[in-house]
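Peer 1: model this:
(2 chains)
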Amino acid sequence: MNIFKPKNESDVAQIIRETNQGLNIIGGGTRGVVESGENSIETKGLSGIIDYQPGALTMIAQAGTPLKEIESALSKEGQRLPFEPMNSRALLGRVGSPTIGGVFAANISGPRRIQVGAARDFLLGVRFVDGSGNILKSGGSVMKNVTGYDLVKLLSGSYGTLGVITQVAFKVLPIAETQATLILDGLDDKNAVNALTTAMNSPFDVSAAAHAPSKNQTYIRIEGFDKSVLYRSEKLQAHLKKFGEAQVVEKSQSESLWSKIRDVDVFSDKTSDIWRLSVKPTAAPEIVSAIGFHQYLYDWSGGLIWGALPQGSDPRLALAKFGGHATRIRGKSGSVQRFQPQTKLIAELSEKIRCKFDPKGVLNTGLMV
Amino acid sequence: MEMPTPNQNVLNRKPELVKRLLSVLPRDAVIDHEAETKAYECDALSAYRCPPLAAVLPRTTEEISAILKICNEMQVPVVPRGSGTSLSGGALPTADSVILGVARMNAVLETNYPDRYIKVQSGRTNLSVTGAVEVDGFFYAPDPSSQLACAIAGNIAMNSGGAHCLKYGVTSNNLLGVKFVTMQGDIIEIGGPHLDAEGLDLLGLICGSEGQLGIVTEATLRILPKPEGALPVLIGFDKNETAGACVADIVKAGVLPVAIEFMDSPCIKATEAFAGAGYPLCEALLIIEVEGSKAEIDEQLEKIITIARKHDPVELREAKDEDEANRIWLGRKSAFGAMGQLNDYMCLDGTIPVTQLPYVLRRMNELSEEFGLKVGNVFHAGDGNLHPLILYDANKPGDLQTCEAFGAEILKLCVEVGGCLTGEHGVGIEKRDLMHVQFEPVDLEAQMQIKDVFDPNWLMNPAKVFPLSSSADRRNASNATG
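Peer 2: The predicted structure is shown next:
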């Protein structure tokens, strides 16, 4: 067993060039995607912010830079990662420090994804080492770039199977001056999703929309300058009148509420499998009842379902007729695949792409297949 | 601009090709007479022209699949075409190619407001996507200048942006799914009404691949509720540096306008002479637009104006109503036309880090002196996407070549300061041979191996994006077997 701890990009290239064994690619090891303790390559040594331009809303950092270092540098300038990546440590029972490279490699996006886009939408450029040990780059550090194929998007969400990301350039946004959350009580799932999509379809720029059946509450967040938030909060209450009287919480109360939703702080039992489903929002309540989750949470106005099932269950048969996809976030690998199996033609294309980037088959081998 | 020598073998087999195409398409979908193929000889990069062997205008995905199977079997290159508005030669044919136009496929297939998406055939024009939903208060956000004419297929091929992408993102940020046909004729569906399609991000890869990986026939697009209102403010400065610093301060202050447009002095002068929008004749002009309710607009404008005043603007004009707003936008929207009045022009599209703006503009003026050609700038300042317009005389021998050499220097400058060759127009043929300025051979190889996967014989829009010398072996391998 070898655990490699490269200090820089050329170390990474050399390790990969010389290996013929499969390597697990580990960032902070907090997402439970691959296990440390096997043959692995850890990116923690590739750490540090390389460039930060608050006036241009861009940052460049080495992939192993701890997320907390990035977030603290950003917050000093009143900025943030807009896509609100979750902290999965509590849900998965893990320790360690998430890295910025891991966030992009797994395309981790939280509640604000429905307003501003996913992690992959903010990634501007990558440097990475492919499975042959070539040091490659795509994209850049500017906000608009259509020069050549968008390997940046391809790498984001590829979970290390196409290359070890060594450096990322990404776009950031200002932290809103304030925020408020409207809370509706006692709606059943169908009405709750109806309220959420109604809010999303208003011109009042909703930044998050979730429903927690366990608390019997439906949440709608707005962010911006003080006066604007006040104005939109009143407008939205009127707009959602038919769903009941909304209670409004502000600032830190609203913030802590959304960090719990972001981190999926609803599953009391620690043993069941946790699934994450991306679906058409209005179909979500039917999907939940077809699958029969014993605990669940809706985010993205219904488009994201977090659900708990007994160990080894497979929600995909029930999901099939609705469309969308399911990924197991917690639970031992057994006969049920972690990632959604793909149609034959797409699976073939993806496999061929993987063979081009990793002909030796050494990078997180078999993870996404 | 060099294009590959047409494959004589393919030229010789035209009658057979046309016959086979007619076996899967109605007569009116196959254009093979020389007088008619001429209509497809160029796109909006009209300095380069070459009629194709034939053009086909299918009406269904299945017809496209049948066409591609035939072309793949006969080893005939295919050049996809949306509306032919590419500024980089993305739809420029070669003499041995078939133009595959999707213009007849323009239907709306599904509109879903609760889930905020619309599904259209890819030949539908950008503006008519918004046109299909605006009566219900929705819009499709990416808004390239050619939006009246350009097709969604082309938008996806080039990952088009527009003036408002500072807030709403470019095409790839608003694309949820596609139906897609490969060169082998396989029909594939990726994504759909849900977010973040599963597996490797093939959707992100296809978007911006310049029609080299396959033909998109249907697209599921994000639609958004229209904001309550929008108003611009116009701010003039006597120095480009000051305008640049003002943009950075606004962004840092946490205001996120939907658009920050920048015009430099040559462009302001031309625009004034042409449209008479009443712009101040200063060195740099910003048009900044914000959105929301009246109260929200007032709040944002107040913050912007407070920041702008600290930079001593020579002019600061707020729009009080729609009429005044239109007048502020009038000059910006007629800028290209105004420059066209002065002479022929070439429009470039490099992107730079916004912090480098003053240096790049200064250096561009020095280059202008060196090459003896005038350049005007009108661009999206919020995201650093420059549109230098180089004026030249198409009738003067050598002027086009000087203009291209000047353009190449500007794009190299963009890369040198940490930017890129193209922000929204695409590489096409125009910037193809500059790719080595931005990428190492190994980077280009990584991109080309993606094309190997989707189109092993390099038949789909083959002479674009990559320097001809880099792609030669791959293209010639297919010629040899053709």
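Peer 1: got a list of contacts for the host helix or strand of A:S289?
Peer 2: In the assignment (DSSP states H and E), A:S289 maps to helix A:284-291. Where contact means C-beta atoms under 8 Å, 6 or more residues apart in numbering or on different chains, the residues beyond helix A:284-291 that reach it are A:189-190, A:193, A:277, A:279, A:296, A:298, A:302-303, A:305, A:307, A:309, A:315, A:318-319, A:322, A:324. For the C-beta atoms, the positions are set from N, CA and C on the backbone; glycine is no exception.
Peer 1: Next up, the contacts around the closest residue to chain B within the stretch 101-250 of chain A.
Peer 2: Ranked by C-beta to the nearest C-beta, the top residue of the stretch 101-250 of chain A for proximity to chain B is A:K153, at 2.6 Å. A:K153 makes contact with A:R120, A:L123, B:S172, B:D201, B:L203, B:G204, B:L205, B:C207 under the criterion C-beta under 8 Å, 6+ apart.
Peer 1: Got the phi and psi for it?
Peer 2: Comment: the main-chain dihedrals of A:K153 come out as phi -70, psi -40, following degrees, to the nearest 10.
Peer 1: excluding its backbone neighbours, what's nearest it?
Peer 2: Nearest in space to A:K153, with sequence neighbours left out and distances taken as C-beta to C-beta, 6 or more residues apart in numbering or on different chains, is B:G204 at 2.6 Å.
Peer 1: Can you go through the contacts of helix A:284-291 and name the buried ones?
Peer 2: Taking 16 or more other C-beta atoms under 10 Å in any protein chain shown as the criterion, what is buried in the contacts of helix A:284-291 is A:189, A:193, A:277, A:279, A:296, A:298, A:302-303, A:305, A:307, A:309, A:315, A:318-319, A:322, A:324.
Peer 1: Doesn't A:R31 belong to a strand?
Peer 2: No - under DSSP: H, G, I helix; E, B strand; the rest coil, A:R31 falls outside any strand and is assigned coil.
Peer 1: was I right about B:E272 contacting B:A335?
Peer 2: No - B:E272 sits out of contact with B:A335 when judged by C-beta atoms under 8 Å, with a separation of 10.5 Å.
Peer 1: Those two: who's more crowded?
Peer 2: Using other C-beta atoms under 10 Å in any protein chain shown, the more surrounded residue of B:E272 and B:A335 is B:A335, with 26 against 16.
Peer 1: which residues sit in contact with that one?
Peer 2: Contacts for B:A335 (C-beta under 8 Å, 6+ apart) come out as B:M263, B:C267, B:A270, B:T271, B:G376, B:V378.
Peer 1: mind redoing it with 10 Å?
Peer 2: B:145, B:261, B:263, B:267-268, B:270-271, B:274-275, B:277, B:376-379, B:387, B:389 (C-beta atoms under 10 Å, 6 or more residues apart in numbering or on different chains).
Peer 1: A:E77: how many residues sit nearby?
Peer 2: Burial measure for A:E77: 17 neighbouring residues, criterion other C-beta under 10 Å.
Peer 1: pLDDT of the particular helix or strand that has B:I188 in it, averaged?
Peer 2: Mapping B:I188 onto the secondary structure by DSSP H and E places it in strand B:187-191. Regarding strand B:187-191, the rounded mean pLDDT is 97.
Peer 1: next SSE after that strand?
Peer 2: Next in line after strand B:187-191, if elements are assigned by DSSP H and E, sits helix B:202-206.
Peer 1: out of the contacts of B:A335, who's near chain A?
Peer 2: The residues of the contacts of B:A335 that also fall near chain A, by C-beta under 10 Å from any C-beta of the partner chain, amount to none at all.
Peer 1: tally of neighbours for residue 200?
Peer 2: Picking chain A for this. 26.
Peer 1: wrong chain, I was asking about chain B
Peer 2: Residue crowding around B:L200 was assessed by other C-beta under 10 Å; the count is 26.
Peer 1: does it really touch A:L155, like I thought?
Peer 2: Yes - look at B:L200 against A:L155 with C-beta atoms under 10 Å: they come within range, at 9.3 Å.
Peer 1: tell me the strands in the stretch 251-400 of chain B, going along the chain?
Peer 2: In order along the chain, the stretch 251-400 of chain B carries the following strands (DSSP state E, counting those that start in this stretch): B:259-264, B:284-291, B:315-318, B:344-347, B:375-380, B:388-392.
Peer 1: Report the next helix or strand after the least confident helix or strand in chain A by mean pLDDT in sequence order.
Peer 2: Of all the helices and strands that make up chain A, the one with the lowest confidence by mean pLDDT, DSSP states H and E is helix A:89-92; it has a mean of 91. Heading C-terminal from helix A:89-92, the first helix or strand you meet, by DSSP H and E, is helix A:100-105.
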